[in-house]
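In: Below are the sequence and a predicted model for it; my questions follow.
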Amino acid sequence: MTSCSGIFIIGGFHAVLMRFPVARPGPAHSGGVHPTMRRVTLSLLGALIMTLLASPAVAEVFPYEVHRTVLDNQLKVLLIPMPSEGVVTYWSIVRTGSRDEVEDGVTGFAHFFEHMMFRGSEKYPGSVYDDIVTSMGADANAFTSDDLTCYYLNITNVDLPKVIDIESDRFQNLQYSEGDFKTEAGAVYGEFRKNRTSPFFTLFEATTNVAFDKHTYKHTTIGFEEDIEKMPEQFNYSKTFFDRFYRPENVVIMVVGDFDKDETLNLIKQHYGDWKPGYQAPDIPIEPEQTAQRRLKVPFEGRTLPILAVNFKGDRLKGDDVIMAAATLIEPLAFGETSALYKKLVLDEQRVQFLGADFGYSRDPGLWSVFTMVKDPSDVTGIENEIWSTIAEMQSKPVDQARLDAVRSNMKYGFLSGLSTPQRTAQSLFRFIALTGDMSIVDELWSTYEKVTPEDVQRAANFYLTRARSTVSVLHSEGMEITEPKLAKVPVLMPVAADPNVAIKLWFETGSQDDPEGKEGLAALTASMISEGGTKDRPYDAILEDLFPLSASYDVSVDKEMTVVNGLAHRDVAGSFYPLLMDAVLTPGFREDDFDRLKSVAIDTLEKQLRYSSDEELGKAILFGQVFQGTPYAHLDLGTVEGLNAITLDDVKKFYADHYTRESVTVGLGGAYDELLLGKLEADLQRLPEGTPLPTAAPEPATIAGRQVVIVEKPGESTAISMGYPIDVHRGSEEFYALWVASSWLGEHRNSVSHLYQVIREARGMNYGDYAYIEAFPQGGHRNMPPTGVGRRQQLFEVWIRPVPDQQAVFALRAALREVQALAENGLTKEQFETQRAFLKKYVYQFATTTSQR
C-alpha cells in the first residue's frame with residue numbers, strides 16, 4: 001500500500017485513513033505525554049504537589065485523615081477515607097521508573113512492565129483479570145515516568161476486596177509467555193512511533209540526550225529507539241527486571257475513598273503478607289557538573305512552528321532547602337500567565353503561540369525548562385534573548401513581595417479545589433509518595449516555602465539559572481531557516497454542600513451550526529473573545545492577574561448546537577470570582593488586539609496544527625465533513641481558514657448580540673454555592689441582549705451509497721483509519737441504550753477489553769487502540785472519558801483505528817469492517833450482552849465525576 005490517508009467509505013461506512021510521520025502522543029502510559037514535553041504532564045502534577053503545601057501543617061489543610069501501616073515485609077500502606085458515595089481509588093505505586101534503567105541496551109523496561117503487568121498470573125491470566133475488571137465497571141489504567149510507575153483502579157467499594165485480591169496476585173505472581181512478551185514489545189514500539197509524530201516529544205528526546213552525560217535521565221521514559229527495536233530479544237532480562245524492582249520494599253499501596261479502613265487493612269495484610277522482600281536498588285550514575293552551555297537544533301519531519309526550549313540543570317526534591325524551594329517558584333513568577341514576559345510575548349506583541357515552564361520535582365537533579373512556540377522563525381533568537389533578559393532581571397533584584405504572596409495563594413486554592421474525588425485526591429499525593437516513600441515531606445516542604453523571601457528567589461536565580469548550566473534546543477521543520485427576575489429557561493441546580501468548589505454554567509442555544517455561510521468559525525471566535533479577551537473595563541492580562549490568586553477560571557466551549565460558559569472557583573473565593581465571570585459574559589470588550597490575536601491563533605491551529613501535527617483529529621474532521629456535506633455540521637467547530645479570514649470584528653459583535661440573549665440561556669449551578677447566588681445570576685443575566693434566535697433545522701445528511709474512500713496523502717510511516725455513517729438515535733430511546741451496549745462491546749474508548757482492541761491491538765500489537773462511538777467524542781486522543789457539552793440532534797456511528805504501520809493499513813481496515821459487519825449480522829451472545837451491560841452500569845460512575853462536569 002502506498003503512503004496515504006483519507007476517508008474510506010465501505011458498505012455505508014465513511015472511513016478515514018490518516019498517514020502519520022509516526023504517531024500522536026496520548027495522555028496515558030509512559031508517559032502518555034501532553035503535546036508539550038514528556039514531563040508537562042508531570043508539570044501539572046507538580047502544580048498539584050506545590051499547591052499541597054498551602055499550610056504550615058498538613059492536618060490544617062488536608063481534610064482527610066491518613067492511616068499509615070508498614071507490613072513486616074516493608075510494604076507501606078496509606079489509607080485515606082473520605083466521603084465519596086461508595087467510590088474508591090486503589091493505587092499501587094512502584095518507586096521505579098526509567099531512572100532505574102542503568103544497564104546499557106535495555107532502556108524502556110520500566111514503562112514496558114507497565115504494559116506487561118496486565119498479562120496477569122497463573123491464578124488470574126490477563127483475560128480473566130480483564131473480565132474481572134470489566135465486571136466491576138472500573139476505570140483502570142497505569143502510567144510511568146522517570147521516577148515511578150503507578151497502577152490505579154477507580155471502583156465502587158463493594159469491589160474493593162476483589163481488587164486487593166487481583167492486584168496483590170499480579171504483583172507477586174506475574175506470569176507471561178515469550179509470545180506475550182514479543183507481542184507487547186511490538187505494541188510498545190508502536191507507541192514510540194506514535195510519540196515521534198509529536199514535535200514536543202521529539203524535542204525533549206533530543207534535549208535530554210544532549211543535556212545529560214551519565215545520569216539515566218538521559219533517555220526518555222519510553223527508552224532509546226534502538227533498545228525498543230531489540231526489546232523482543234530481551235525476554236530473559238525482563239524476568240530479572242521484575243524480580244529486582246517489583247518487591248514490597250519498593251511499593252506503596254494507597255487507598256482513597258469510601259471504605260472501612262480496618263477491614264481494608266486486614267485484607268491487605270492477608271493478601272500481601274507473604275510477598276517476599278528482595279528489592280535491589282540500582283547504582284544510579286552521578287551526573288558530572290556541567291560547566292558550559294550546550295546547544296542543539298532538532299529537525300522535525302512534520303510541519304510545525306519553531307519550538308524553543310531553554311533548559312537548566314535543576315535539583316532534586318529537598319524539603320528543607322530554601323534555595324531549591326525558591327527556585328521552583330521562579331516558574332510561575334517569571335514565566336506564568338501573570339508574568340510580565342507572558343504579557344509581553346503572548347498578549348501584547350503576540351510573537352509566540354504560548355509560553356510555559358516546568359521547574360518540577362524529581363528524585364535526582366533533573367532538567368528545569370522554559371519553552372515556547374515562536375510564530376516567526378526569524379524571531380527565535382530574539383525570543384531567546386527575551387527569556388535571558390527575564391532571568392537577568394530575576395538575578396538582579398528581589399521579586400515583589402505581593403507577587404510572591406499571590407503565588408502562595410494560588411497554590412493553596414489550587415490544592416483545595418482539587419480534593420473533590422478520590423482519584424483527584426490520589427493524584428495530588430502520588431508523586432510525593434513515589435519520590436520519598438511517604439507524604440510526610442509536605443510539612444517540611446511547606447515550612448520551607450513559608451520561609452522563602454524575595455531575596456531567596458534572587459539567590460536561587462543566580463545559582464541555578466546560569467548559562468553554564470543550560471542546554472538550549474530549537475526544533476524546526478526540515479528545511480526551515482532559523483531565524484430576582486426569572487430567565488426564560490428553568491435553571492439546573494445541583495447543590496453539593498461538601499464540594500470544595502462552586503461551578504457555574506451558562507448554556508446558550510447556539511453553536512457552529514449557526515455560522516453564516518462563508519464565515520465559518522464565527523461562533524468559536526466569538527466565544528474566544530469572551531473567554532480569552534478583555535472586557536470593556538479590563539484588558540485580558542489584568543483579568544488573568546485578578547484570577548491568579550483565586551486559582552479560579554472560566555472558559556467558553558463551542559460545539560455544533562451549544563455554547564457553554566464554564567466558571568469554577570473554590571467556595572472561599574467564589575464571591576471574588578463571580579464579578580469577573582459576569583464582566584466577561586455581559587460586557588465583553590471586543591478589542592481589536594484581542595480579535596487579531598485570537599483570530600490568528602484559530603487560523604494557525606487549522607493551518608499549522610490540525611493539518612500538519614494532528615493527523616488523527618484531521619482524519620476525523622474529514623470524515624465528519626464528508627458524512628455531513630452540505631449541512632451546518634460539515635465544518636469544524638473552529639471554522640475554516642477561508643471563513644475565519646472573512647470574519648470582521650463587527651461580525652463578532654453582531655453574533656454576540658443575536659445569539660447571547662437572555663431568552664437563549666440556561667443557568668446551571670453546582671457545588672457549595674450560596675443560596676442567594678441563583679437570584680443574583682438571574683438578575684444580572686437580564687443585562688444580556690434581548691431576542692430569540694431563529695432555530696436552525698437539524699442536519700439531514702445524504703444517504704451513503706456504496707463504499708467510498710477519501711484519501712489524504714501525507715508523508716510518514718503510519719496510517720490512521722476512521723469510518724462511520726450517520727445515525728438518528730438519541731438518549732432516552734430504547735434504541736440508544738441497545739446500541740450503546742453494542743458499540744461499547746465493540747470498542748469502548750480507552751478500554752483494553754473491547755473487541756476491536758483485542759482483535760487489532762492486543763492479538764497483533766499493531767497499534768495503540770481501536771474504539772467505536774455512537775456519540776460525538778471530540779479530541780479523543782486527549783480524553784479518557786466522554787466529554788460533556790456536545791449534545792447533538794444528529795450523531796455518527798464511528799470506528800477509530802489509531803495509527804498502524806503503513807503496510808498493515810489494509811489489513812486493519814478489513815479487520816475492523818469484518819468485526820462491525822459480524823456484529824451487525826450476528827449481534828451479541830446473551831453472555832456478551834449481560835457482561836457488557838453490567839460493565840456499563842458501573843462504568844458510568846466514572847463519567848462526569850465532578851460536580852462541574854455533571
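Out: Right, received. Where do you want to start?
In: could you list every residue that touches the closest residue to E122 other than its chain neighbours?
Out: Excluding the flanking residues, the one nearest E122 by C-beta to C-beta, 6 or more residues apart in numbering is Q175, at 5.3 Å. The way it works is simple: take the backbone N, C-alpha and C, and place the C-beta from them, glycine included. Neighbour list for Q175: 119-122, 125 [criterion: C-beta atoms under 8 Å, 6 or more residues apart in numbering].
In: Which one (most neighbours) among the residues you listed?
Out: Compared across those, G120 has the highest neighbour count, 23 neighbours, by other C-beta atoms under 10 Å.
In: That residue and P81, how far apart?
Out: 30 Å (C-beta to C-beta, to the nearest Å).
In: what about Q280, how many neighbours?
Out: Q280: 13 neighbours (other C-beta under 10 Å).
In: now swap in S135 and tell me
Out: 14.
In: what does E675 give?
Out: The burial count for E675: 7, using other C-beta under 10 Å.
In: so how far is A815 from it?
Out: In terms of C-beta to C-beta, E675 sits 56 Å off from A815.
In: Please parse the chain into its domains.
Out: 6-25+703-846, 294-477, 492-687 (automatic domain parsing).
In: any idea how far the shortest one is from the chain center?
Out: Right, the one you point to is domain 6-25+703-846. 21 Å (C-alpha atoms, centre = their mean, to the nearest Å).
In: Run through this protein and note the low-pLDDT ranges.
Out: 1-61, 484-485 (pLDDT under 70).
In: Just give me the neighbour total for the closest residue to T436 other than its chain neighbours.
Out: Leaving out its chain neighbours, the residue that sits closest to T436 by C-beta to C-beta, 6+ apart is L317, at 7.2 Å. L317: 23 surrounding residues under other C-beta under 10 Å.
In: Give the other helices and strands that the helix or strand where E191 lies contacts.
Out: Per DSSP states H and E, E191 falls inside helix 178-195. When contacts are defined as 3 or more C-beta pairs under 8 Å, 6 or more residues apart in numbering; DSSP states H and E, helix 178-195 sits against helix 109-116, helix 225-229, helix 235-245, strand 795-805.
In: try 7 Å
Out: Applying 3 or more C-beta pairs under 7 Å, 6 or more residues apart in numbering; DSSP states H and E, one finds that helix 178-195 contacts helix 109-116, helix 225-229, helix 235-245.
In: Dump those to JSON lines, plus distance to P398 and mean neighbour count.
Out: Below are these laid out as JSON lines (distance: least, C-beta to C-beta, whole Å; neighbours: other C-beta atoms under 10 Å):
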{"stretch": "helix 109-116", "distance to P398": "41", "mean neighbour count": "24"}
{"stretch": "helix 225-229", "distance to P398": "46", "mean neighbour count": "16"}
{"stretch": "helix 235-245", "distance to P398": "44", "mean neighbour count": "16"}
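In: what would those helices look like in TSV with distance to T510?
Out: Listed next are the helices and strands packed on helix 178-195 as TSV, based on distance: least, C-beta to C-beta, whole Å:
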stretch	distance to T510
helix 109-116	44
helix 225-229	48
helix 235-245	54
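In: Relative to H215, which of those is closest?
Out: Among the helices and strands packed on helix 178-195, helix 109-116 comes nearest to H215, with 15.0 Å by C-beta to C-beta.
In: Now do the closest one against helix 235-245, angle only.
Out: 100 degrees (axes from the mean of the first three to the mean of the last three C-alpha atoms, to 10 degrees).
In: okay, the angle between helix 109-116 and helix 178-195?
Out: Using the same axes, to 10 degrees, helix 109-116 lies at 110 degrees relative to helix 178-195.
In: what ranges do the strands span in the stretch 401-550 of the chain?
Out: 470-477, 492-495, 501-508 (DSSP state E, counting those that start in this stretch).
In: what does the stretch 551-700 of the chain give?
Out: 553-558, 563-570, 665-671.
In: buried residues in the shortest one?
Out: Within strand 553-558, the residues that qualify as buried by neighbour count (16 or more other C-beta atoms under 10 Å) are 553-554, 556-558.
In: List the contacts of it.
Out: Here strand 553-558 makes contact (C-beta atoms under 7 Å, 6 or more residues apart in numbering) with 511-512, 523-524, 527, 530-531, 547, 563-568, 581, 584, 637, 789.
In: Ok, stretch 759-770 next?
Out: By C-beta under 7 Å, 6+ apart, stretch 759-770 touches 23, 26, 183-184, 186-187, 190-191, 194, 747, 750, 752, 756-757, 801-804, 808, 812, 815-816, 819.
In: send the alpha carbons of that stretch over as CSV?
Out: Coordinates of each C-alpha in stretch 759-770 appear next as CSV, following Å, rounded to 0.1, in the frame of the first residue of the first chain:
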residue,chain,number,x,y,z
VAL,A,759,-8.5,-8.2,17.6
ILE,A,760,-6.2,-5.4,16.2
ARG,A,761,-4.1,-4.2,19.1
GLU,A,762,-4.0,-7.0,21.7
ALA,A,763,-3.7,-10.0,19.5
ARG,A,764,-1.4,-8.5,16.9
GLY,A,765,0.3,-5.5,18.6
MET,A,766,-0.5,-3.4,15.5
ASN,A,767,-1.3,-0.1,17.1
TYR,A,768,-2.2,1.9,20.2
GLY,A,769,-6.0,1.4,20.4
ASP,A,770,-9.2,0.8,18.5
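In: ok, N157 to P63 distance?
Out: Counting by C-beta to C-beta - N157 and P63 are separated by 19 Å.
In: ok, the two, which is more surrounded?
Out: Set N157 next to P63 and count neighbours by other C-beta under 10 Å: N157 wins out with 19 against 13.
In: show me what contacts the nearest residue to K375 once chain neighbours are set aside?
Out: Spatial nearest neighbour of K375, excluding adjacent residues (C-beta to C-beta, 6+ apart): R351 at 5.9 Å. Each residue near R351 by C-beta under 7 Å, 6+ apart is listed here: 345, 374-376, 379, 383.
In: closest to Q686 among the residues you listed?
Out: The closest of the contacts of R351, once distances to Q686 are taken by C-beta to C-beta, is L345, at 39.5 Å.
In: outside of the helix holding E191, which residues touch it?
Out: So helix 178-195 is contacted by 22-25, 29, 108, 112, 115-116, 119, 201, 222, 225, 228-229, 231-232, 235, 238, 717-718, 761, 765-768, 803 (C-beta under 7 Å, 6+ apart).
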